[in-house]
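> Requesting a structural model of the entry that follows:
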Amino acid sequence: MCALLLFCALSSISGGEVPMNLTLSFHRITVKAGHEEILTATAYIRSSPHLFCIDVTEPVKQLVFFSTKNTLYYYPDQKKAMRIDYEKPQDISLETELTYLFRKDKGLELSGYRLDHIESAQDATISVWLPPAAFDKKIKDVRVVTDSADRVLSMTTIDNAGKAIQKTVYSGYEKGFLSLPTDARTQVFLPDGSVQTDTHLTLLSGNSSRDIPVRISAFVVPSDIPLEILKW
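Presented below is the predicted three-dimensional model:
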């Protein structure tokens, strides 16, 4: 679950040309009803040969390797390993991953949303996206705000009553070959309160597979660790 949360949060990247390789560090704090949950990890993405790994260090040490055929989980402290094999190939190619990461609409169009109209505001542009039929009973639209440099400043989901049910604000853009926001704050508004998640993301390297440690690039489950295999 931690790995999946991390993958979703990587959507805070935007702009720039898609590099062939990426290494990113990630720190996330979620607060709900006064309870704090922390997730710290590093993501490694390589185009050829394909590699997509998330190295989670907190709250539980784990390595997660994604591919079209399976997902492998390895827990070194618990000496456990599990592989989920898919009956049908999963759409988790590097091209798809990076397409979602770098699109300015954060993958809305690819998820079935359609652009309704664009509004102009002072020093900003607001694109309004309508949801696919599966979500239109709960969601009125999603509003994406970009600045004059075409960087995403915020994304807000509005329900059919006109209330915001989720909002993410991006900040701390750094100059470089990627337009990368270092910080994102997401608030989910629930009937019994709100959940706030603060994410800090750092690009460690790009376009160099040599930056991926051997323990990741050449990983195999240790011979003394039993491998549990599940079919999906």
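
> in the longest strand along the chain, what counts as buried?
In the chain, assigned by DSSP state E, the strand with the most residues is strand 193-206. Under the neighbour-count criterion of 16 or more other C-beta atoms under 10 Å, strand 193-206 has 195, 197, 199, 200, 201, 203, 206 buried. C-betas here are computed from N, CA, C, even on glycine.

> With stretch 69-83 instead?
By 16+ other C-beta under 10 Å, the buried positions in stretch 69-83 come out as 70, 71, 72, 73, 74, 81, 83.

> Can you check the pLDDT for the residue lying closest to residue 25 once chain neighbours are set aside?
Once flanking residues are discounted, residue 25 sits nearest to residue 202: 4.7 Å by C-beta to C-beta, 6 or more residues apart in numbering. For residue 202, the pLDDT comes out at 82.

> Please tell me how far the spatially closest residue to residue 75 that is not a sequence neighbour sits from residue 40.
Sequence neighbours aside, residue 62 is the residue nearest to residue 75 in space, at 5.1 Å (criterion: C-beta to C-beta, 6+ apart). Using C-beta to C-beta, to the nearest Å, we find residue 62 at a distance of 12 Å from residue 40.

> Can you pick out the residue with more neighbours from the two?
Per other C-beta atoms under 10 Å, whichever of residue 62 and residue 40 has more neighbours is residue 62, with 20 against 17.

> what about the more buried one, distance to residue 51?
Applying C-beta to C-beta, the value for residue 62 to residue 51 is 16 Å.

> repeat for residue 222
19 Å.

> The two - which one has more neighbours?
Per other C-beta under 10 Å, whichever of residue 222 and residue 51 has more neighbours is residue 51, with 19 against 11.

> Flag the shaky bits of the protein, pLDDT-wise.
For the chain, applying pLDDT under 70 flags the ranges 1-20, 90-103, 174-180, 205-210.

> Tell me which stretches of it form helices.
For the chain, the helices defined by DSSP state H occupy 2-9, 94-102, 214-217.

> Give the buried residues for the shortest one.
The one in question is helix 214-217. By neighbour count on 16+ other C-beta under 10 Å, the buried set for helix 214-217 is residue 216.

> Residues contacting that helix, please?
Contacting residues not belonging to helix 214-217 are listed as 44, 46, 51, 53, 55, 63, 209 [C-beta atoms under 8 Å, 6 or more residues apart in numbering].

> run the last query once more with 6 Å
By C-beta atoms under 6 Å, 6 or more residues apart in numbering, the surrounding residues in contact with helix 214-217 are 44, 53.

> and if you look at stretch 114-124?
Contacts for stretch 114-124 (C-beta under 6 Å, 6+ apart): 126, 127, 128, 129, 130, 145, 147, 148.

> hang on, the earlier thing: let me have the buried residues of strand 193-206 in CSV, extended by distance to residue 168.
CSV is the format used below for the buried residues of strand 193-206 (distance: C-beta to C-beta, whole Å):
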residue, distance to residue 168
195, 12
197, 9
199, 9
200, 14
201, 12
203, 19
206, 23
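
> returning to what we had before: buried subset of the contacts of stretch 114-124?
Among these, those classed as buried by neighbour count (16+ other C-beta under 10 Å) are 126, 127, 128, 129, 130, 145.
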